[in-house]
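K.L.:
predicted model and sequence below, questions to follow.
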Amino acid sequence: MQLICSEFDEFEEALYGVQGRYVLRTRQQRDWQLNVVDLNGVALMSGREGASTVYTGIGLPGYFNIFLPLTGHESTVVDGHPFNRRRIGWMVPNAMFHINAKSPARWLTVAMSCELVLRWASVREDEFDFCVLHRNLVSNAQRNLGPLLWLARRLFHIEAQAPEVLHNEEAEEAARREVMDVVFRMLLPVDPLHAAPRHHRDHREILKRALELLDTLEIQSVYTEDICQAACASERTVRNVFNEYLGMSPHRYLMIRRLHGMRDAIRHAGPDDTITSICARFGVWDFGRFASLYRQYFGTLPAQSLRATKALSHP
């Protein structure tokens, strides 16, 4: 959704994941703009305010929120904490927060359902700081914000240009997981040094169970947390096992396996198959990134491979 309005009332009513009230500090200087990508449980929202404002509200029941100013960092204050380019705000459901923007600002928020956040954390319980689930906080990002900003730009671009690519079940699932991985890995406190140690598990048995899962299920429907559940191991343990035996993270291994699966689907494509339909089957929402990876691994673009397959099938 893209919204441009001359008055802030419509802008205020369209905000996702929060419920509150704007007070204008100064006279309006420009239109208000809002972009939303709703991934069915995770939503990204980018706003451009038309005046300096004070916003007071709560996070909606059932949603956690991340808040990042994109401009006006030094003139933004959240719950009394001045911002800079490294700071982020974290809002928990039903907790009051206050944002004081002393100049018209642009910002990005990510709203995530409690169900998805708790599921993400449960698989990584020996790394995750569960204290963040109970209180608002303002803190410095643990890592560079660039990956989240890049991912948000790609999602807003695809939502505007080709929303049908993004809004199928497999693509939304893949995009949700990618957004949450970036949010928690880049922004929130994840402290493995002070985590409680887990009992030792046979690494070979964990890898065996993981690979059996991949052989049993279609590769497009398997994610790292599925491997963790099948192996009865934490995400950190599974990550260590994959790096030890396969020389790469489970995320990268799954990505390569999925690329091989898509190559096989292209090589055995039917007359009505298209790159778009194959991508939808495998949950690919970013065609440009997929095409680049495909060429990196197989030396040709997916569309070229599909044309070659159809030429052989129908000379």
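P.N.:
The structure has been received and is ready for your questions. Since the model is a prediction, treat every value here as computed from it, not as a measurement.

K.L.:
average pLDDT for the helix or strand containing Lys310?
P.N.:
Taking DSSP states H and E as the definition, Lys310 sits inside helix 302-313. In this model, helix 302-313 has a mean pLDDT of 87.

K.L.:
for it, buried residues please.
P.N.:
By 16 or more other CB atoms under 10 Å, the buried positions in helix 302-313 come out as Pro302, Ser305, Leu306, Thr309. Glycine gets a C-beta too; all of them are placed from N, C-alpha and C.

K.L.:
what's the closest of the residues you listed to Gly270?
P.N.:
The closest of the buried residues of helix 302-313 to Gly270 turns out to be Thr309 (CB to CB; 9.7 Å).

K.L.:
so the closest one versus Arg267, what's the distance?
P.N.:
Distance of Thr309 to Arg267, computed by CB to CB, to the nearest Å: 6 Å.

K.L.:
for Glu125, same thing?
P.N.:
Noted for Glu125: a distance of 41 Å to Arg267, by CB to CB.

K.L.:
just to revisit the earlier point, helices or strands up against the helix holding Lys310?
P.N.:
Identification of packing neighbours for helix 302-313 by 3 or more CB pairs under 8 Å, 6 or more residues apart in numbering; DSSP states H and E yields helix 250-267, helix 275-282, helix 287-298.

K.L.:
run through who's touching the shortest one.
P.N.:
Applying CB atoms under 8 Å, 6 or more residues apart in numbering, the set of residues contacting helix 275-282 from outside is 165, 168, 170-171, 220, 258, 261-262, 265-266, 269, 285, 287, 290, 302-303, 306.

K.L.:
same thing but 7 Å
P.N.:
Applying CB atoms under 7 Å, 6 or more residues apart in numbering, the contact partners of helix 275-282 are 165, 168, 170-171, 220, 258, 261-262, 265-266, 287, 290, 302-303, 306.

K.L.:
what's the answer for the last one, then?
P.N.:
Contacts to helix 287-298, defined as CB under 7 Å, 6+ apart, come from residues Val165, Leu259, Arg263, Cys279, Val284, Leu301, Pro302.

K.L.:
which of the buried residues of helix 302-313 lies closest to Gln33?
P.N.:
The closest of the buried residues of helix 302-313 to Gln33 turns out to be Pro302 (CB to CB; 34.8 Å).

K.L.:
and Leu137, backbone torsions?
P.N.:
When quoted as degrees, to the nearest 10, the phi and psi of Leu137 stand at phi -150, psi 150.

K.L.:
same deal with Glu173?
P.N.:
According to degrees, to the nearest 10, Glu173 has phi -60, psi -50.

K.L.:
now it, nearest residue through space, not along the chain?
P.N.:
Gly283 (6.0 Å; CB to CB, 6 or more residues apart in numbering).
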